[in-house]
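**Student:** I'd like to go over a predicted model; first the sequence, then the structure.
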Amino acid sequence: MYSILPALVSLLFLGYGAYVLGSRGASRAALTFFLVCLTTFCWQFTWAILFQAREQSTAVLLARAGYLLILFLPTTLYHFIVELTRRRADMRAVYLSYLVAAGLGVLLFSGNTIVAGVHHPFFGFYPAAGTLHPLHVLQTTAVIWRALYVLVQEQRRAVSTERLRLRFCMASLLIYFLAAVDYLCNYGFEFYPPGVIFIAISLGIIAQAMARHNLLANPMLLAATVAHELRTPLATIRNQARVLSKGLPELVACYEKAQREGGAPGKLRPAHLDYLRELGAHIETEVSRSNFITDMVLASANPDLLCKHGFARHSAEKCIEDALASYPFDDAARAKVVLRKDGDFAFHGSDTLMIYVLYNLIKNALSAVEGMAHGRVEIALQGGAASNSVTISDTGHGIPEHVLPHVFDPFYTTKSTRGTGMGLAFCRRAVTAFGGTIHCRSREGAFTMMAMEFPHA
C-alpha cells in the first residue's frame with residue numbers, strides 16, 4: 001500500500017521529462033530538466049521497492065542505491081536553473097557540486113557515514129542517517145539557495161515575459177525546498193515521508209510553465225525571427241525611398257519655379273522644401289540603421305557565426321576601417337569619432353563578427369556622448385610584440401559602480417526603453433571565441449573604456 005504513491009509519482013516524473021524533451025527538443029535546458037526527472041524517477045521507484053522489502057540486507061542495498069540518486073538530485077536541479085537562465089559563470093559551481101556529490105557517493109558505499117543502515121517504521125524500511133549525513137544536508141541547502149539567488153538576480157533584470165517565467169521557477173524551487181522534511185525520517189522520526197508530493201508539485205509547475213508559458217523559449221531566437229521578417233519590408237521601403245530620391249527634387253524644383261512665376265500658392269516654406277528634397281535620402285539612412293540593428297540581432301542569435309571552423313587570419317585595422325565605413329553615422333556623430341593607430345595586428349577569427357563587435361561598442365560609446373557638445377569617442381589600435389589590443393573609449397556619463405560588474409551579463413540592461421542587454425554579452429562571446437578577452441573600465445560622470453586584447457595569430 002505504501003509503495004503505491006512513490007511508484008505512481010516516479011512514473012509521473014518520467015512523463016514530465018519525456019513530455020518536455022519531446023515537445024521542446026533536445027536543448028541544453030530541456031536535457032538537464034529530463035536529467036532531473038530521470039533521477040527523481042529512479043529514486044522514487046527504488047523507494048517503492050524498498051518499502052516492500054522483507055530482508056534487512058536487501059533493504060540496506062536499496063536504501064544506498066536510492067540515496068546515491070538523492071545525493072545528485074539538488075545539483076541536477078541547480079544545473080537546470082543555470083542552463084535555463086544561461087548564467088554560464090555558475091557552471092564552475094555546478095561542476096564543483098557534482099564533484100562533492102560524487103565524493104559523498106563514494107562515502108555512501110564505503111561505510112556507514114552517510115547511510116547507517118535502515119530504520120523500520122510502519123510503512124517499511126527507510127535509510128538511517130550516518131555521522132556525515134549532515135554534510136549532504138548542508139550541500140543541498142547551499143545548492144538550492146544558490147539556485148534561488150540566481151533566479152532572483154535574473155528576475156530583477158529580465159524583460160516582462162522572461163520575468164513571468166522565472167517567477168514560476170522561483171515558486172517551484174521554494175516548494176521543492178519543503179521536501180527537506182523527509183530528512184527527519186532519516187533521523188528516526190516516524191511519519192510517512194511527504195517530500196515526494198512537494199517535489200511532484202514543484203516539477204509539475206516547471207513542466208506547466210514550459211507547456212503554457214514557453215519557459216524554454218530563447219529570447220534571442222525570437223528576436224532573430226522578428227528581425228529576419230523585417231528584411232523584406234525594409235527592402236521595399238529602401239526601393240521606395242530611392243524612387244522618391246529621383247522624383248521629389250524635380251517636383252520641388254517645378255514647385256519653386258511655379259511659385260516664382262506666381263502660378264502656385266506659397267504655403268510651403270523654404271525649410272519644408274529643403275526637407276522634401278532630401279526626404280528620400282533621410283528614409284534610406286533610417287533603413288540603413290534598421291538593417292544594421294537587424295544584422296546585429298541575427299549575428300547575436302546565430303550560433304553558426306561563432307563556429308570556429310570558418311575562422312581565419314584577419315587584419316584588425318581593416319576591420320576597424322570597414323566598420324567605420326559602413327556604420328550609419330550622421331554627420332554630427334561621425335565628427336566625434338577619432339581613430340588612433342599604433343601598428344596593425346592579425347587575429348584568428350571572423351572579420352564579420354569583429355565588425356559587429358565594433359558596431360556594438362561604437363553604438364554604446366556614441367549613446368554615452370549623445371547631446372554633449374564636447375563629447376568624444378576614441379578608437380585606439382595597438383599591435384606589437386608586447387600586446388595586441390583595440391580600445392574604444394568615450395568621455396560620456398560613465399557607468400555606476402554597482403552596474404559595472406554586470407555589463408557583460410546576458411539580458412542585463414539599464415536602458416528601460418531601448419536596451420535589450422544582448423550587445424555586450426554578444427561582444428564577450430565573440431571576442432572569447434577569438435581567444436581574446438574584453439573588459440570594461442569606467443568612472444561615473446567621466447569616461448568609459450572597453451578594451452579588447454588578442455593573442456598573436
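**Tutor:** Ah, there it is.
**Student:** residues near Phe198, how many?
**Tutor:** The tally of other residues near Phe198 (other C-beta atoms under 10 Å) stands at 18. All C-beta atoms are positioned from the backbone trio N, CA, C, and that covers glycine.
**Student:** correct me if wrong: it contacts Ser172.
**Tutor:** No - Phe198 is beyond contact range of Ser172, at 10.1 Å (criterion: C-beta atoms under 8 Å).
**Student:** so what's Arg28 closest to, chain neighbours aside?
**Tutor:** Ranked by C-beta to C-beta, 6 or more residues apart in numbering and with sequence neighbours excluded, the top spatial neighbour of Arg28 is Glu83, at 4.7 Å.
**Student:** quick one: contacts for Arg441?
**Tutor:** Shown here is Arg441, whose contacts under the criterion C-beta atoms under 8 Å, 6 or more residues apart in numbering are Thr448, Met449, Ala451.
**Student:** rewinding a little: who's in contact with the residue nearest to Arg28?
**Tutor:** Arg28, Ala29, Thr32.
**Student:** using JSON lines, lay out the residues you listed together with secondary structure.
**Tutor:** Conversion of the contacts of Glu83 to JSON lines gives the following (DSSP: H, G, I helix; E, B strand; the rest coil):
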{"residue": "Arg28", "secondary structure": "helix"}
{"residue": "Ala29", "secondary structure": "helix"}
{"residue": "Thr32", "secondary structure": "helix"}
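**Student:** what subset of the residues you listed is buried?
**Tutor:** When the contacts of Glu83 are checked for burial by 16 or more other C-beta atoms under 10 Å, the buried set is Ala29, Thr32.
**Student:** list just the nearest of the contacts of Glu83 to Gly117.
**Tutor:** The shortest approach to Gly117 among the contacts of Glu83 belongs to Thr32, at 33.3 Å (C-beta to C-beta).
**Student:** which of the contacts of Arg441 are buried?
**Tutor:** By the neighbour-count criterion of 16+ other C-beta under 10 Å, these include these buried positions: Thr448, Met449.
**Student:** mind checking which of the contacts of Arg441 land in strands?
**Tutor:** Thr448, Met449, Ala451 (DSSP state E).
**Student:** please convert those residues to CSV, extending it with distance to Glu370.
**Tutor:** Rendered in CSV, the data for these read as follows (distance: C-beta to C-beta, whole Å):
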residue, distance to Glu370
Thr448, 13
Met449, 18
Ala451, 22
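**Student:** which residues of the stretch 301-450 of the chain fall in helices?
**Tutor:** Chain-ordered helices for the stretch 301-450 of the chain, with DSSP state H, counting those that start in this stretch as the definition, fall at 316-326, 331-336, 351-368, 423-433.
**Student:** quick one: distance of the last one to the chain centre.
**Tutor:** Computed by C-alpha atoms, centre = their mean, to the nearest Å, the separation of helix 423-433 from the middle of its chain amounts to 12 Å.
**Student:** list the buried ones in it?
**Tutor:** By neighbour count with 16+ other C-beta under 10 Å, helix 423-433 contains the buried residues Gly423, Leu424, Ala425, Phe426, Cys427, Arg428, Arg429, Ala430, Val431, Ala433.
**Student:** where are the low-confidence patches of the chain?
**Tutor:** Counting by pLDDT under 70, the low-confidence segments of the chain come to 23-25, 157-162, 207-231, 263-266, 288-289, 291-309, 410-422.
**Student:** domain ranges for it?
**Tutor:** Domain assignment for the chain by automatic domain parsing gives 4-217, 221-301, 306-454.
**Student:** which one of the contacts of Arg441 sits closest to Val143?
**Tutor:** Nearest to Val143, judged by C-beta to C-beta, of the contacts of Arg441 is Ala451 at 35.5 Å.
**Student:** identify the residues contacting the closest one.
**Tutor:** Remark: with contacts taken as C-beta under 8 Å, 6+ apart, Ala451 is in contact with Ser389, Val390, Thr391, Ile438, His439, Cys440, Arg441.
**Student:** got a list of what the fourth one touches?
**Tutor:** Looking back up the chat, that one is Ile438. If a contact means C-beta under 8 Å, 6+ apart, then Ile438 has Phe408, Cys427, Arg428, Val431, Thr432, Met450, Ala451, Met452, Glu453 as its contacts.
**Student:** how much does the strand or helix carrying the last one deviate in direction from helix 351-368?
**Tutor:** What that stands for is Glu453. Under the criterion of DSSP states H and E, Glu453 resides in strand 447-454. Angle of strand 447-454 versus helix 351-368, following axes from the mean of the first three to the mean of the last three C-alpha atoms, to 10 degrees, is 170 degrees.
**Student:** strand 447-454 pairs with which strands?
**Tutor:** Strand 447-454 sits in its sheet next to strand 388-394 (antiparallel), strand 437-443 (antiparallel), going by DSSP bridges.
**Student:** ok, the residue nearest to Arg28 to Tyr176 distance?
**Tutor:** When distances are taken as C-beta to C-beta, to the nearest Å, Glu83 and Tyr176 turn out to be 17 Å apart.
**Student:** swap in Gly17?
**Tutor:** Using C-beta to C-beta, Gly17 is found at 15 Å from Tyr176.
**Student:** more neighbours: these two, which one.
**Tutor:** Legend: neighbour count by other C-beta under 10 Å for Gly17 and Tyr176, higher for Tyr176 (25 against 22).
**Student:** what about the residue lying closest to that one once chain neighbours are set aside, neighbour count?
**Tutor:** When the adjacent residues along the chain are set aside, Tyr176 lies closest to Ser202, with 3.9 Å between them (C-beta to C-beta, 6+ apart). Using other C-beta under 10 Å as the criterion, Ser202 is surrounded by 23 other residues.
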